[in-house]
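1. Let's see this in three dimensions:
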Amino acid sequence: MEWEYNTVLVLESNFFGVKDEVNKILNEQGEKGWELVSATIIASDHHKLLLILKRPRE
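-> Numbering: from 1, shown residues only. Modelled structure (predicted):
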């Protein structure tokens, strides 16, 4: 099976306030057939959350 991948970058300096935003993104992407495979915090001047998703290639 071949996969296609998608990334979503969530910009936030305080992740405690983004739970609802992340849930919304994941639910929207899930409706389109995307599945979360990884989430990584990127530390820089501002913290970022990188969501990596995949779905079967059509």
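2. only C-alpha atoms for contact and neighbour calcs from this point on.
-> Fine.
3. those helices in this structure, which residues are they?
-> Assigned by DSSP state H, the chain shows helices spanning 19-31.
4. show me what contacts A43?
-> By C-alpha atoms under 8 Å, 6 or more residues apart in numbering, the contact list for A43 is empty.
5. so how far is I52 from it?
-> Taking C-alpha to C-alpha, to the nearest Å as the measure, A43 falls 17 Å from I52.
6. same thing with H46?
-> H46 is 19 Å from I52, where distance means C-alpha to C-alpha.
7. can you pull up the bridge partners for the spatially most central residue of the chain?
-> With distances taken as C-alpha atoms, centre = their mean, the residue of the chain nearest its centroid is L51 (2.5 Å). Counting by DSSP bridges, L51 is bridged to V8, A39.
8. Would you agree it is in contact with E35?
-> No - applying C-alpha atoms under 8 Å, one finds L51 not in contact with E35, separated by 10.1 Å.
9. How many residues are close by V8?
-> Residues near V8, counting by other C-alpha atoms under 10 Å, number 15.
10. Low-confidence stretches in the protein?
-> Along the chain, segments meeting pLDDT under 70 span 13-17, 45.
11. repeat that for 90
-> Low-confidence regions of the chain, defined by pLDDT under 90, span residues 1, 10-22, 41-49, 58.
12. hmm, back to that, between H46 and I52, which has more neighbouring residues?
-> When neighbours are counted by other C-alpha under 10 Å, H46 and I52 differ, and I52 comes out ahead with 17 against 10.
13. ok now do that one, which residues does it touch?
-> For I52, the contacting residues are Y5, N6, T7, V8, L36, V37, S38, A39, by C-alpha under 8 Å, 6+ apart.
14. pretty sure L49 is touching A39, no?
-> Yes - at 6.8 Å, L49 and A39 qualify as touching, with contact defined as C-alpha under 8 Å.
15. From N23, how far off is L51?
-> From L51 to N23 the distance is 12 Å (C-alpha to C-alpha).
16. what does A43 give?
-> For A43 relative to N23 (C-alpha to C-alpha), the value is 21 Å.
17. what's the answer for H46, then?
-> In this view, H46 and N23 are 21 Å apart by C-alpha to C-alpha.
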